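**Student:** Predicted model, plus sequence, below.
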Protein chains: 2
Amino acid sequence: MVRMVDVARAAGVSTMTVSNVVNGRPGVGTETRTRVLAAVDELGYQVNAAARSLRTGRTGAIGLVLPELDSPYYAHLADRLSAAVGSRGRHLLVERTGGVRERELEAVSPGRLRRYDGVIATLVQLGSRDLSRLRFETPVVFLGESPVPSRFDHVVMDNVGGSRQATSHLLSTRSRHVAIVGGRRAGTDDMASLRTLGYRQAHADAGLDVDEDLVVEVGCCSWADGYRAVTALHDAGRAFDALFCVTDALATGALRALADLDLHVPRDVQVVGFDNGEQAAFLVPRLSSVEPGNDAIAELVVDLLEQRVQDPGDARPGVTSTVTSRLVLRESTR
Amino acid sequence: MVRMVDVARAAGVSTMTVSNVVNGRPGVGTETRTRVLAAVDELGYQVNAAARSLRTGRTGAIGLVLPELDSPYYAHLADRLSAAVGSRGRHLLVERTGGVRERELEAVSPGRLRRYDGVIATLVQLGSRDLSRLRFETPVVFLGESPVPSRFDHVVMDNVGGSRQATSHLLSTRSRHVAIVGGRRAGTDDMASLRTLGYRQAHADAGLDVDEDLVVEVGCCSWADGYRAVTALHDAGRAFDALFCVTDALATGALRALADLDLHVPRDVQVVGFDNGEQAAFLVPRLSSVEPGNDAIAELVVDLLEQRVQDPGDARPGVTSTVTSRLVLRESTR
DNA sequence: ATGAAAGCGCTAACAG
DNA sequence: CTGTTAGCGCTTTCAT
């Protein structure tokens, strides 16, 4: 292992000068700098991150804590965040909790957080109460629906607004029986409930009542769930002329079901999804979907975190930001 | 910040005893241990990972270097590996290279590798030559088609065998014009070429010639590519009665295209994919697919790495392991 | 512009 | 079973 002193000896300077050169600090003679760099190169010196971190208290890494990596939504998010963090000269390390309460607690324990200069966390099991118990100094920005204490920065997509927009579009294009696939009748802070709220608001805006039979709850959010839900709705004899699916995955299954039922999209039934995933534009017919602004969310999260990391002493209160959603119209709507 | 000495003072012992307790080392009196743990608890002490790492040269973390996180394949892999690593008491940190040569080089630089006790890497731009130049001590296991110097452990799926099995099944069920979607006519070590090799072997096994017009190269591996490829093949008037698609994504697009062409699956055309992703069982018709044994791969990779991590001095040569693939039959084949 | 000294928090090795 | 000593490799501070 090559240490800084080895480089220093080789270049005939002190370790301090090597340190200054390696870290690009000013106040080193041009000629000295060249000599040091040559020695670094020749010996293949690499700074020891642990030693630097012990001394400075910084690690140069940003942590991302996620429930899982293999859903398209989180995978894409991780990908965007990794790019955004990279463009700011840090690098992102992703940790998976599996959506397990105990693992989430572990991930936000002071000891683990200290491995990072800052952390971005999406927690699904931990609530405000759990988080307010924790005492840690690492800046953390929370991402997602789950509520967090007000002292933290928190970024959420506009679930309510996006759903409202989507539903309004369906209602304003001559659909009168709009079902929500993956809705939630009772509930408050989870994704399904928020998207259902937007659906209700759009109906209220249009002076229409919601037919509770058309609020279709599903177990999960896979293709299969969408397929089953729509098939069941049809088999139950419920009339519908539009579907607002709370995720693209559900919409994909729904489209397949409608095709099997010989219902034409969008003539007989309009369909809108939510997520605007890559697939949306490749489905047959191409799926209209709510774009939640993931790229903007990623940028915003990283900006907020960067501020906290730059100025860790700053005790300003947390900011909750909602990123605007936008409806992208394709072939599945009129 | 609470240090070990603070705990030691509070418990009236030396730091060494605290260290022994915290690390679960034997040889501490029961009564002393209780006192120490009480102090740890009361002060909320957490070990400083940087200091420990500086001292021991270990970090407790395993790194996973991947081109991207938002393809279903890598996302699932990361998910499985994370679980496998977690079950061995370490935790996995995932880094994304974006498939960019320079970022891959950075990721396997000695400085970055030293942040981990061991690293699992899937490189797509770096070849044997690049890797043999690098001098690092961290145990690394490579994953994927890209060739690596023989001193490293290397795990690959059985691309050739899986394709051969799939194609053989198609040929043995009365298909005589089997197209390979996403094949590669010339090439050696990449995924497409290997899977094409298996396709050729199956034909040779059956004493049949490959119709080169049925080796369909595609730009990428998205749904849309599969759709376009099959549509184009049909429009060009090529007769085919089976499709071996080198990925499930291509197969998904292919199924959609066949439906639009009013070709019945599997009566008119049989279809097999490769990856056996979650979707496969939810498509209409359910897709037969080659299961590459991802879970077994994840376990094997982690086992190999664990051995190297346990015994870093061991200079035994690298092992290249190929994990057996298995054809899973569903509705898209006869 | 460069260097010497001190110490970040922890644990290996040895002493008692 | 418990404590003492020394030092991992780096950077902060202060001196030259």
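**Tutor:** Everything's here; your move. Every value quoted in this text rests on a predicted model; they were computed, and no experiment measured them.

**Student:** drop to CA atoms for contacts and neighbour counts, all remaining ones
**Tutor:** OK.

**Student:** I'd like to know how far the residue most central in space within chain A sits from DNA strand C.
**Tutor:** Nearest to the geometric centre of chain A sits A:Leu77, at 4.6 Å (Cα atoms, centre = their mean). To DNA strand C, A:Leu77 is 34 Å away according to Cα to the nearest atom of the strand, to the nearest Å.

**Student:** So that residue sits against A:Asn294, correct?
**Tutor:** Yes: assessed by Cα atoms under 8 Å, A:Leu77 is found in contact with A:Asn294 at 6.9 Å.

**Student:** quick one, what contacts the residue nearest to the centre of chain A?
**Tutor:** A:Leu77 sits next to A:Asn294, A:Ala298 when contact means Cα atoms under 8 Å, 6 or more residues apart in numbering or on different chains.

**Student:** ok, now A:Ser128?
**Tutor:** With contact set as Cα under 8 Å, 6+ apart, A:Ser128 has these partners: A:Pro147, A:Val148, A:Pro149.

**Student:** Highest neighbour count among these?
**Tutor:** Taking other Cα atoms under 10 Å in any protein chain shown as the neighbour criterion, A:Val148 ranks highest of these with 23 neighbours.

**Student:** how about that residue, secondary structure?
**Tutor:** A:Val148 carries the three-state label coil when classified by DSSP: H, G, I helix; E, B strand; the rest coil.

**Student:** Out of the helices and strands in chain A, which is least certain?
**Tutor:** Ranking every helix and strand in chain A by mean pLDDT, DSSP states H and E puts helix A:110-113 at the bottom, with a mean of 84.

**Student:** CA atoms only for it - export them in PDB, please.
**Tutor:** Output in PDB follows, covering the C-alpha atoms of helix A:110-113 (Å, rounded to 0.1, in the frame of the first residue of the first chain):
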ATOM      1  CA  PRO A 110     -26.900   7.300  13.200                       C
ATOM      2  CA  GLY A 111     -24.000   4.800  12.700                       C
ATOM      3  CA  ARG A 112     -25.100   4.000   9.100                       C
ATOM      4  CA  LEU A 113     -25.900   7.500   8.200                       C
END
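
**Student:** I'd like to know how many residues surround the residue of the stretch 101-250 of chain A found nearest chain B.
**Tutor:** Distances between the stretch 101-250 of chain A and chain B by Cα to the nearest Cα are smallest at A:Gly111, namely 5.3 Å. Counted with other Cα under 10 Å, residues neighbouring A:Gly111 total 17.

**Student:** Look up how far A:His177 lies from it.
**Tutor:** 53 Å (Cα to Cα, to the nearest Å).

**Student:** and the stretch 51-200 of chain A, which residues reach DNA strand C?
**Tutor:** A:Ala51, A:Leu54, A:Arg55 (Cα under 7 Å from any atom of the strand).

**Student:** Of those, just the buried ones, PyMOL syntax please.
**Tutor:** Selection of the buried residues among those in PyMOL, burial being defined by 16 or more other Cα atoms under 10 Å in any protein chain shown:
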select buried, chain A and resi 51+54
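
**Student:** and the residues of the stretch 51-200 of chain A next to DNA strand C, which of them are in helices?
**Tutor:** Using DSSP state H, the subset of these located in helices is A:Ala51, A:Leu54, A:Arg55.

**Student:** Closest to A:Gly162 out of those?
**Tutor:** Proximity of those to A:Gly162 (Cα to Cα) peaks at A:Leu54, which lies at 45.7 Å.

**Student:** returning to what we had before: any chance of the ones in helices among the residues of the stretch 51-200 of chain A next to DNA strand C in CSV, plus distance to A:Glu104 and pLDDT?
**Tutor:** Listed next are these as CSV, based on distance: Cα to Cα, whole Å; pLDDT from 0 to 100:
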residue, distance to A:Glu104, pLDDT
A:Ala51, 28, 93
A:Leu54, 25, 92
A:Arg55, 28, 91
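
**Student:** which ones among these come in contact with chain B?
**Tutor:** Near chain B, judged by Cα under 8 Å from any Cα of the partner chain, the entries from these are A:Ala51, A:Leu54.

**Student:** on that earlier part again, can you pull the contacts of the closest residue to the residue of the stretch 101-250 of chain A closest to chain B other than its chain neighbours?
**Tutor:** Closest residue to A:Gly111 apart from its sequence neighbours, by Cα to Cα, 6 or more residues apart in numbering or on different chains: B:Gln46 at 5.3 Å. When contacts are counted by Cα under 8 Å, 6+ apart, B:Gln46 touches A:Pro110, A:Gly111, B:Val2, B:Arg3, B:Val40.

**Student:** any idea which of the residues you listed has the most stuff around it?
**Tutor:** Tallying neighbours with other Cα under 10 Å puts B:Val40 at the head of those, with 23 neighbours.

**Student:** Dump the C-alpha coordinates for the helix or strand containing that residue into CSV.
**Tutor:** Using DSSP states H and E, B:Val40 sits in helix B:30-43. Once non-C-alpha atoms are left out, helix B:30-43 reads as follows in CSV (Å, rounded to 0.1, in the frame of the first residue of the first chain):
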residue,chain,number,x,y,z
THR,B,30,-21.0,-10.9,32.3
GLU,B,31,-21.4,-8.2,34.8
THR,B,32,-18.9,-5.9,33.0
ARG,B,33,-20.6,-6.6,29.7
THR,B,34,-24.0,-5.5,31.1
ARG,B,35,-22.6,-2.3,32.5
VAL,B,36,-21.0,-1.5,29.2
LEU,B,37,-24.1,-2.2,27.2
ALA,B,38,-26.1,0.0,29.6
ALA,B,39,-23.7,2.8,29.0
VAL,B,40,-23.8,2.3,25.2
ASP,B,41,-27.5,2.5,25.3
GLU,B,42,-27.7,5.5,27.6
LEU,B,43,-25.3,7.6,25.6
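
**Student:** average pLDDT across it?
**Tutor:** Mean pLDDT, computed over helix B:30-43, is 92.

**Student:** Any chance you could list what contacts that helix?
**Tutor:** For helix B:30-43, the external contacting residues (Cα under 8 Å, 6+ apart) are B:Val2, B:Val7, B:Ala8, B:Ala10, B:Ala11, B:Val18, B:Val21, B:Val22, B:Gln46.

**Student:** measure A:Leu66 to A:Glu102 for me?
**Tutor:** From A:Leu66 across to A:Glu102, the span is 13 Å (Cα to Cα).

**Student:** Give me the more crowded residue out of those two.
**Tutor:** More neighbours surround A:Leu66 than the other of A:Leu66 and A:Glu102, with 24 against 12 (other Cα under 10 Å).
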